[in-house]
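Participant: Quick one, structure for this:
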Amino acid sequence: MKYVLVTGGVVSGLGKGVTASSIGVLLKACGLRVTSIKIDPYLNTDAGTMSPFEHGEVFVLDDGGEAVINKERKGDYLGKTVQVVPHITDEIQDWIERVAMNPVDGTDKPADVCVIELGGTIGDIESMPFIEALGQFSYRVGAGNFCLVHVSLVPVLTVVGEQKTKPTQHSVRGLRGLGLMPDILACRSTQPLEENVKLKLSQFCQVPVSNIVNLHDVTNIWHIPLLLRIREPMKLF
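Facilitator: Numbering: from 1, shown residues only. Below is the predicted model of the structure:
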């Protein structure tokens, strides 16, 4: 099983979901069986009772489900002090592996690739246990089976008309400080990235230029898979 983790930095609402879905579409076009997991670090018991104006309508399909960590109430920890590390982080990893193995294409065969979208923004307090768990998970499954795509913002200041890389630099630095190193940097911007901006991002974020993808604004989200398709990073998946 291969895993592709999609994280986001700088601000929320960058399009992590669209990016993750586009990656899934391209992998399916390559003949692979693909499944997906969405991790939202909130304390609600389930997403079905949350405001659809904030998160959209939630649909739980026959081959999927919602999960909440409640082993302690069932006595599975035998009275031990339940801690974020290792109990919660271990449970998150076990849950990811268990859900990823569920067949999703009408056959009894497990998926080849699981695309995981981590909700929120890197640095959020509520997502720290998930970040720690995913850092351990990348070590558990091995570097060859884990690919991290970090979606970040490259804004343009209208006063100077220049694409600014500092927010993305800080976002990647925070991600690395939490034990995760991006394999692919997906940069959101209003206009296509300038070549010197890519070189600067590559130097300061320690990501090869060939692995920096520009997901600039488009008129239709169906163009996003096409933006990803023409880039060399697709060979990493």
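Participant: can you tell me how far the residue minimising distance to the centre of the chain sits from residue 194?
Facilitator: Centre of the chain computed as the mean C-alpha position; nearest residue by CA atoms, centre = their mean is residue 6, 1.7 Å away. When CB to CB, to the nearest Å is applied, the distance between residue 6 and residue 194 equals 25 Å. In short, each C-beta sits where N, CA and C put it, glycine included.
Participant: try residue 9
Facilitator: Shown here: residue 9 relative to residue 194, a distance of 20 Å by CB to CB.
Participant: of those two, who's got more company?
Facilitator: The neighbour comparison of residue 9 against residue 194 (other CB atoms under 10 Å) goes to residue 9, with 26 against 14.
Participant: looking at it, the more buried one is touching residue 150, isn't it?
Facilitator: Yes - in this structure, residue 9 sits in contact with residue 150. The criterion is CB atoms under 8 Å, and the distance is 6.2 Å.
Participant: hey, what's in contact with both of those two?
Facilitator: 122, 171-172, 175 (CB atoms under 8 Å, 6 or more residues apart in numbering).
Participant: Out of those residues, which sit inside helices?
Facilitator: Among the shared contacts of residue 9 and residue 150, the subset assigned to helices under DSSP state H consists of 171-172, 175.
Participant: and which of those is nearest to residue 94?
Facilitator: Checking these against residue 94 by CB to CB gives residue 175 as the nearest, at 23.5 Å.
Participant: got a list of what the closest residue to that closest one other than its chain neighbours touches?
Facilitator: Nearest residue to residue 175 in three dimensions, chain neighbours excluded: residue 122, at 5.1 Å (CB to CB, 6 or more residues apart in numbering). Residues near residue 122 by CB under 8 Å, 6+ apart: 7-9, 131, 150, 171, 174-175, 178.
Participant: measure residue 122 to residue 99 for me?
Facilitator: In this structure, residue 122 lies at 23 Å from residue 99, with CB to CB as the measure.
Participant: go on, residue 167?
Facilitator: Distance of residue 167 to residue 99, given as CB to CB: 32 Å.
Participant: Also residue 162?
Facilitator: Applying CB to CB, the value for residue 162 to residue 99 is 43 Å.
Participant: Could you check how many residues crowd around residue 22?
Facilitator: As a burial measure, residue 22 scores 24 neighbours (other CB under 10 Å).
Participant: can you give me phi and psi for residue 146?
Facilitator: Backbone torsions of residue 146, given as degrees, to the nearest 10, read phi -140, psi 130.
Participant: Turn the buried ones among the contacts of residue 122 into a named PyMOL selection, would you?
Facilitator: Restricted to the buried members of the contacts of residue 122, where burial is judged by 16 or more other CB atoms under 10 Å, the PyMOL selection command reads as follows:
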select buried, resi 7+8+9+131+150+171+174+175+178
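Participant: could the contacts of residue 122 be laid out in a markdown table, adding distance to residue 38 and pLDDT?
Facilitator: Compiled in a markdown table, these are given as follows (distance: CB to CB, whole Å; pLDDT from 0 to 100):
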| residue | distance to residue 38 | pLDDT |
| --- | --- | --- |
| 7 | 13 | 96 |
| 8 | 12 | 94 |
| 9 | 18 | 91 |
| 131 | 16 | 94 |
| 150 | 17 | 97 |
| 171 | 20 | 95 |
| 174 | 22 | 94 |
| 175 | 19 | 94 |
| 178 | 20 | 91 |
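Participant: Let me have the contacts of residue 122 in CSV, extended by distance to residue 85.
Facilitator: Supplementary listing: the contacts of residue 122 in CSV, determined by distance: CB to CB, whole Å:
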residue, distance to residue 85
7, 19
8, 23
9, 23
131, 11
150, 23
171, 24
174, 19
175, 18
178, 13
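Participant: closest to residue 36 among the contacts of residue 122?
Facilitator: Distances from those to residue 36 were compared by CB to CB; the smallest belongs to residue 7, at 14.5 Å.
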